[in-house]
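J.: here is a sequence together with a model predicted from it:
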Amino acid sequence: MSKPFHLVDLIDLDRDWVTKLFGDADRLRALRGSPRAPHPLRGKTAALVFHKPSLRTRVSFTVGMHELGGDAVDLGTVEVSEHGRESLKDVAHVLSGMTDLIVIRTFAHRIVRTLAEHATIPVINALTDFSHPCQVLADLYTLVRAGRDLDHLRVAWVGDGSNVCTSLARLGLLLGYDVIAACPEGYEPAVDVQLVRDPREAVRAADVIVTDTWVSMGQEAEHDQRVSDLEDYRLDAALLAHASDDAFVLHCLPAHPGEEITAEVLYGDRSAIWDEAENRLHVQKALLAQLLGAS
């Protein structure tokens, strides 16, 4: 079984690795807060680099390091950037000597790739404009915990073909589930995926429907145009009615009720969104332990 040194993207993973990750997440989840909770990262420090605002990512990685016995240091664009005080190559060398792992949430995917190229410690992509592997691993873990069979799973994506859609499609190629995306022209995902224009066609007989904000960080000036273009792709009760009777909804958050999703669906009994959010912590604890050789 191969184990990635870095988690830059999902394309290089294998199914056994993902299965073990989910098993470790279950074990850590069950022991959380108990006297038997393990602390395998005692003496380890993660450098958390945030170029984009964050709630779930920052909290889950910070709490995860602390619960596993480690520590975390926060860095931003002042310390780490493409055109800052030091080159990314030099930053990678310095952090490799002082910390044990780098977690970076940024805009350009090449920033993560450059750090991974030069670092001698693991680098985790905690989000780029291209992909969001940590989110999608938590999404799939949520589906597995809900008893869904990944070999017979139809995932419907509705709305803007964002970085999360790209990562869902890539992991689908690895794990064998089907992804069908309903996106308007100009909003297609950055990878090949089964694509339709009618959201009702995408969600028909789907086991899970996934959506994301229509206006991502850095796109605020395009808000009105994007909302207009995506108006017909809102995830509401009428659209959800076309899915399987036991289908549920995922959203990586933050959500904007009335835009990409209605409040009725977001807070309804077919929403697994809040379990999905919590699962970021459990999966990322397992990820930290695996990449630091403590699992």
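T.: Received the coordinates, thanks.
J.: the stretch 51-200 of the chain: helices as residue ranges?
T.: 56-67, 88-98, 109-118, 133-145, 163-175, 199-203 (DSSP state H, counting those that start in this stretch).
J.: any chance of the ones you listed in CSV, with mean neighbour count, mean pLDDT and distance to Lys285 too?
T.: Using the backbone N, CA and C atoms, a C-beta is placed for each residue, glycine as well. Shown next, in CSV, are the helices of the stretch 51-200 of the chain (neighbours: other C-beta atoms under 10 Å; pLDDT from 0 to 100; distance: least, C-beta to C-beta, whole Å):
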stretch, mean neighbour count, mean pLDDT, distance to Lys285
helix 56-67, 20, 98, 4
helix 88-98, 17, 98, 21
helix 109-118, 19, 97, 21
helix 133-145, 24, 97, 11
helix 163-175, 23, 94, 19
helix 199-203, 20, 98, 32
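J.: need the ones you listed in JSON lines (columns: distance to Cys252).
T.: Putting those into JSON lines (distance: least, C-beta to C-beta, whole Å) gives the following:
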{"stretch": "helix 56-67", "distance to Cys252": "8"}
{"stretch": "helix 88-98", "distance to Cys252": "26"}
{"stretch": "helix 109-118", "distance to Cys252": "17"}
{"stretch": "helix 133-145", "distance to Cys252": "5"}
{"stretch": "helix 163-175", "distance to Cys252": "5"}
{"stretch": "helix 199-203", "distance to Cys252": "18"}
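J.: quick one, which of those is nearest to Phe248?
T.: Evaluated with C-beta to C-beta, these place helix 133-145 nearest to Phe248, the distance being 9.0 Å.
J.: helices or strands up against that closest one?
T.: On a contact count with 3 or more C-beta pairs under 8 Å, 6 or more residues apart in numbering; DSSP states H and E, helix 133-145 meets helix 15-31, strand 123-125, helix 163-175, helix 273-291.
J.: what angle separates the last one from helix 15-31?
T.: Relative orientation of helix 273-291 with respect to helix 15-31: 110 degrees, computed using axes from the mean of the first three to the mean of the last three C-alpha atoms, to 10 degrees.
J.: next, the buried residues of helix 273-291.
T.: 273, 276-277, 279-291 (16 or more other C-beta atoms under 10 Å).
J.: how about stretch 201-219?
T.: Buried residues in stretch 201-219 (16+ other C-beta under 10 Å): 202-203, 206-216.
J.: let me know the closest of the residues you listed to His223.
T.: Of the buried residues of stretch 201-219, the one sitting nearest to His223 (C-beta to C-beta) turns out to be Val215, at 5.0 Å.
J.: pLDDT score for that closest one?
T.: According to the prediction, Val215 has pLDDT 88.
J.: so which strand or helix has the nearest residue in space to it that is not next to it in sequence?
T.: In this structure, Val215 finds its nearest non-sequential neighbour in His223, 5.0 Å apart by C-beta to C-beta, 6 or more residues apart in numbering. Counting by DSSP states H and E, the element that carries His223 is helix 223-229.
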